[in-house]
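J.: Okay, sequence plus prediction incoming.
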Amino acid sequence: MFDLTPPQRKFLKAQAHSLKPVVMIGGNGLTDAVLKEAERALAAHELVKIRCLGDDRAAREAWLVEICARLDCAPVQHIGKILLVYKPAEEPRLALP
């Protein structure tokens with residue numbers, strides 16, 4: 001897991017505004033299958049929205065930390081039931097400020 005600067009975070013939030021969630025954490029929580037799908041999505045897109053089902057905010061925060069630790073990505077935002085994570089590709093498509 002790595003840290004983003006505030007200008008980088010702001011840039012990524014703006015880029016993610018029009019994105020649709022491509023990964024969903026369902027009733028079974030953060031499973032290995034969800035992590036594999038998130039890893040595939042990060043490799044393909046760099047910036048990924050993840051939708052969480054359930055009303056437990058603490059669980060969503062824990063999932064965000066676990067996703068970032070296990071997939072070596074950076075947390076960008078947690079707003080409501082949406083998690084936003086970023087992992088640069090080997091040849092980055094998004095030019096961070």
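T.: Yep, that arrived.
J.: Can you tell me the SS state at Gln8?
T.: What DSSP: H, G, I helix; E, B strand; the rest coil gives for Gln8 is helix.
J.: now it: how far from Gln15?
T.: In this structure, Gln8 and Gln15 are 11 Å apart, going by CB to CB, to the nearest Å. (Glycine included, C-beta is placed from N, CA and C.)
J.: Which helix or strand contains the most centrally placed residue in the chain?
T.: Centrality entry for the chain: nearest residue to the mean C-alpha point is Val85, 2.3 Å, by CA atoms, centre = their mean. Element membership of Val85 [criterion: DSSP states H and E] is strand 82-86.
J.: Next: Leu35.
T.: helix 32-45.
J.: Can you tell me what sits against that helix?
T.: Among residues not part of helix 32-45, those counted as contacts by CB atoms under 8 Å, 6 or more residues apart in numbering are 22-26, 48, 50, 67, 70-71, 73, 85, 87, 89.
J.: List the buried residues in that helix.
T.: For helix 32-45, the neighbour count (16 or more other CB atoms under 10 Å) marks Val34, Leu35, Glu37, Ala38, Glu39, Ala41, Leu42, His45 as buried.
J.: That helix relative to strand 82-86, how many degrees between them?
T.: 50 degrees (axes from the mean of the first three to the mean of the last three CA atoms, to 10 degrees).
J.: what about Ala58, how many neighbours?
T.: Ala58 has 7 neighbouring residues, counting by other CB atoms under 10 Å.
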